[in-house]
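Undergrad: Give me a model of this one.
(chains A and B)
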Amino acid sequence: MLSRRAFVGALGAAGATMAAGVSAAPPSRPEWRVLDLGPDCILRESLAGFCRTGIPPCPLPLDNHERPAYVVPTAARLTDDLMTRLSRHVYEGGWLIFESAAGFGGFEAQREQLARHFRLTIEPPVDLWAGGVSAPYVDYQWPVHTKVRDFSSVVPLAAPKAEIIGTIGSIPVAARLGRLIFLGSPIGPSLLAGDREAYLWFNALLQQTASPL
Amino acid sequence: MKKSIGDSLFAKGWTFEQGLALVKKAGFGGVELWLGDKPWFQMNTSDAEVRALRRKVEDTGLTVSNVANALDWDENISARDPRIREKALRHVERQIETAQLLGTDSTLVVAGLVTAEIPYNEVYGRTIESLKALGEKAAKARVKIGCENCCAEQRFLITPREFWQFLNEVNNPWVGIHLDVGNIHETGFAEQWIEIHGPRITRVHLKDVLRHRGRCGDQSVYTNIFLGDNNWPAIRAALDKVRYDGWLIAEMESRYRFAQDQQFWDTAAAIDRFIAARF
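TA: This is a model prediction of the structure:
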C-alpha cells in the first residue's frame, strides 16, 4: 500500500515533470491503421506503401471505439458518414493522416468536405510538371527537415489556422491542424518505392505521435 | 527464321492493301500490326474489323507476326495517374485480344517509362505490378507479352542483367522480352542481350544504329541494317547459340524521302543476307 507521504511525493514529482513538459512514463505510440477506402482510394499503391511500413490495413466501416490512429491514403470524395467519423476521431484527440488524391479527381467534393468537417481550405490542384522541368521535391519542415518526391498533381492549402509543414517552392502542400496531418502530395507511393527520405519523414511523424503536441 | 516488317512503315497515303502487297512482293512472310498507329487498327476497331484485317493479310499470303502498339509513349503502364495507367492496361489487353483474333501469339509493349517527373524506383514497382496483372490475362489467352528494350528512350532497364532480374520479378513465362538489337546503342552489345535472355525472347526487332553521331557526337542515329555499328555476324551467331528461330521484324525509321517502297526491298534483301549469314 502507498503511504500518504509517498503519494504526495509522487504527485509533486509528476507536477514537476509536467511543468517541465516531460512525461514521467515513456510515451506510448498509438496503434496505427491504414484505412482501406476501397474504390475511393485513388492510388492503391499508396495504401500498399503505408502498409509496407508495417501498419496494417483496416477495412471500413471505421470503428470509433477502437481509437487507433488512422492513415487515409489518397482519398478523393469520401462518404459524409466516413468524414463525420474521421472528424469526430480527430476532435476526440485521435491522430489522422489525410492524404489527398484530389489532384487526380474529386477535387470539388473534397474541398467542400474538408472545409465542412475540418475547416481546412484547399485550392485547385496544380500540375507541377505541366510547364516542363520542375524541382521535384516537397520540402518538409516538420517533424523533420527533409525532401520527398512530389507526386505530380498536388493539392495546395490555404488554411490560416493550420501550420504549414511542407511546401513545394512557394506552394504549401502539407499541414497539421492539431492531430490532423494533411498531405496534398501523396507520400505512400514513395514509401512503396522505398524512398529513404519518405521513410525518414514518416517514421519521425510516428515518433511525434507518441509525444504530446 | 522468318521475315516481317511493321505496317508502321507504310507510307502516308498508302492503303492497308497496298502496303501488304508491297510487303509480300518484297519477300516478307509476315507483317507486324501496330495498334493505335494507322487508321485501320485503332482502339475502336471492332473485332469484326480486326478479323477482316486478318483475312486481308492472309489473302495476300502473309501472316501477322505480332501485335505492337504506338500508344505506350503517351499511356504507359507505369504512369502515376491511375486514369492514364488504366488506359494503358486496357490497350495492352486489347493487344492480347487482337493477337488472338489475328492468329498470332505475341505482343510488343514498352513497359515502364522513366522521366524527370516519374522516378526509376516508382516506375520499377508499378511496371512489375501492372505486368503481373496483364501476365495472367496473357497466360489465359496464350499470348506472350514481349517487353521491348527501348533502353535509351525509356531510361529504364538499361542492362541485360537488370532486364533479366526484372522479368524474374514479374515471374510469368508469358511475359518475356521483345528484343530490339538496334536499341542498345553504346551501352552494350546486342549479342550479349541475346545470350542472356535466350528462351525469354518473344520476337526480335532488327535495325541498325550509328553510335555517337550528331554535331556534338552525343547522339545515336537509327539506320537501316548494315549501315550502322551493330556487330551483325555476332548477333547472327548469338541467335543460333540460343536457338532462336522465330520472327525477325524490321523496325527502322522511315527515312526514304523518295521512292519509299525502296526501303522495303532494301530491308528484305538485308534480312535475307542476315539469315543466310552472308557477311
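Undergrad: tell me the contacts of the most centrally placed residue in chain A?
TA: Centroid-nearest residue in chain A: A:Ile97, 2.2 Å away (criterion: Cα atoms, centre = their mean). With contact taken as Cβ atoms under 8 Å, 6 or more residues apart in numbering or on different chains, A:Ile97 is in contact with A:69-72, A:181, A:183, A:205. Every C-beta, even on glycine, is put in place using the N, C-alpha and C of the backbone.
Undergrad: Looks to me like it is in a strand.
TA: Yes. A:Ile97 forms part of a strand when assessed by DSSP: H, G, I helix; E, B strand; the rest coil.
Undergrad: Can you check what pLDDT the model gives it?
TA: At A:Ile97, the pLDDT value in this model is 97.
Undergrad: sorry, back to before: out of the contacts of A:Ile97, flag the one nearest to A:Phe50.
TA: A:Val71 (5.0 Å; Cβ to Cβ).
Undergrad: For the closest one, what is the enclosing helix or strand?
TA: Here A:Val71 sits within strand A:69-75, counting by DSSP states H and E.
Undergrad: from the contacts of A:Ile97, which is closest to chain B?
TA: Closest approach to chain B among the contacts of A:Ile97 (Cβ to the nearest Cβ): A:Leu183, at 15.3 Å.
Undergrad: what about the closest one, how many neighbours?
TA: 28 (other Cβ atoms under 10 Å in any protein chain shown).
Undergrad: Any figure for the gap between the nearest residue to it once chain neighbours are set aside and chain B?
TA: Excluding its sequence neighbours, the residue lying closest to A:Leu183 (Cβ to Cβ, 6 or more residues apart in numbering or on different chains) is A:Glu99, at 4.5 Å. Using Cβ to the nearest Cβ, to the nearest Å, we find A:Glu99 at a distance of 14 Å from chain B.
Undergrad: Can you get me a residue count around A:Glu99?
TA: 28.
Undergrad: List the contacts of it.
TA: A:46, A:71-75, A:183, A:186-188.
Undergrad: One more: B:Lys207?
TA: Listed by Cβ under 8 Å, 6+ apart, the contact set of B:Lys207 reads B:180-182, B:222-225, B:228, B:250-253.
Undergrad: how much space between it and B:Gln263?
TA: From B:Lys207 across to B:Gln263, the span is 11 Å (Cβ to Cβ, to the nearest Å).
Undergrad: between the two, what contacts are shared?
TA: Residues touching both B:Lys207 and B:Gln263 (Cβ under 8 Å, 6+ apart) are B:224, B:252.
Undergrad: Read off the pLDDT value for A:Leu213.
TA: 56.
Undergrad: Skip the chain neighbours and tell me the closest residue to the residue in chain A that chain B sits nearest to.
TA: Residue nearest to chain B within chain A (Cβ to the nearest Cβ): A:Ala193, separated by 3.9 Å. In space, and not counting its chain neighbours, A:Ala193 is closest to B:Asn121: 3.9 Å by Cβ to Cβ, 6+ apart.
Undergrad: Which helix or strand contains whichever residue of the stretch 101-250 of chain B sits closest to chain A?
TA: Relative to chain A, the nearest point of the stretch 101-250 of chain B is B:Asn121 (3.9 Å; Cβ to the nearest Cβ). Using DSSP H and E, B:Asn121 sits in helix B:120-141.
Undergrad: so for that helix, what's the average pLDDT?
TA: Helix B:120-141 carries an average pLDDT of 97.
Undergrad: go on, stretch B:93-106?
TA: Stretch B:93-106 shows a mean pLDDT of 98.
Undergrad: can I assume A:Arg179 is in contact with A:Gly93?
TA: Yes. Taking contacts as Cβ atoms under 8 Å, A:Arg179 lies within contact range of A:Gly93: 6.7 Å.
Undergrad: In the stretch 51-200 of chain B, where is pLDDT below threshold?
TA: Judged against pLDDT under 70, the stretch 51-200 of chain B has no low-scoring part.
Undergrad: all helices for it, in order.
TA: Applying DSSP state H, counting those that start in this stretch to the stretch 51-200 of chain B gives helices spanning B:82-102, B:120-141, B:151-154, B:160-170, B:190-197.
Undergrad: The first one close to chain A?
TA: When you say that, I think you mean helix B:82-102. Yes. Helix B:82-102 reaches chain A (Cβ under 8 Å from any Cβ of the partner chain) through B:82-83.
Undergrad: Can you list the helices and strands that that helix packs against?
TA: The contact analysis (3 or more Cβ pairs under 8 Å, 6 or more residues apart in numbering or on different chains; DSSP states H and E) places helix B:82-102 against strand B:30-35, helix B:47-59, strand B:63-69, strand B:106-109, helix B:120-141.
Undergrad: again, only using 10 Å
TA: For helix B:82-102, the contact count by 3 or more Cβ pairs under 10 Å, 6 or more residues apart in numbering or on different chains; DSSP states H and E identifies helix A:44-52, strand B:30-35, helix B:47-59, strand B:63-69, strand B:106-109, helix B:120-141, strand B:144-148 as packing neighbours.
Undergrad: next one: the third one
TA: If contacts are counted by 3+ Cβ pairs under 10 Å, 6+ apart, helix B:151-154 sits against helix B:160-170.
Undergrad: my read: A:Pro68 touches A:His89, true?
TA: Yes. Contact criterion Cβ atoms under 10 Å: A:Pro68 and A:His89 qualify, at 9.2 Å.
Undergrad: Who has more neighbours out of the two?
TA: A:His89 (20 against 17).
Undergrad: who are the neighbours in contact with the more buried one?
TA: By Cβ atoms under 10 Å, 6 or more residues apart in numbering or on different chains, the residues touching A:His89 are A:62, A:64, A:67-70, A:95-96, A:179-180.
Undergrad: Quick one: these as TSV, columns for distance to chain B too.
TA: TSV is the format used below for those (distance: Cβ to the nearest Cβ, whole Å):
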residue	distance to chain B
A:Leu62	24
A:Asn64	30
A:Arg67	32
A:Pro68	27
A:Ala69	26
A:Tyr70	22
A:Trp95	27
A:Leu96	23
A:Arg179	29
A:Leu180	25
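Undergrad: Can I get the buried ones among those residues as something I can paste into PyMOL?
TA: Command for PyMOL, covering only those of these found buried under the criterion 16 or more other Cβ atoms under 10 Å in any protein chain shown:
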select buried, chain A and resi 62+68+69+70+95+96+179+180
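Undergrad: Turn the contacts of A:His89 into a markdown table, columns for distance to B:Gly246.
TA: Putting those into a markdown table (distance: Cβ to Cβ, whole Å) gives the following:
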| residue | distance to B:Gly246 |
| --- | --- |
| A:Leu62 | 55 |
| A:Asn64 | 61 |
| A:Arg67 | 61 |
| A:Pro68 | 55 |
| A:Ala69 | 56 |
| A:Tyr70 | 53 |
| A:Trp95 | 57 |
| A:Leu96 | 56 |
| A:Arg179 | 61 |
| A:Leu180 | 58 |
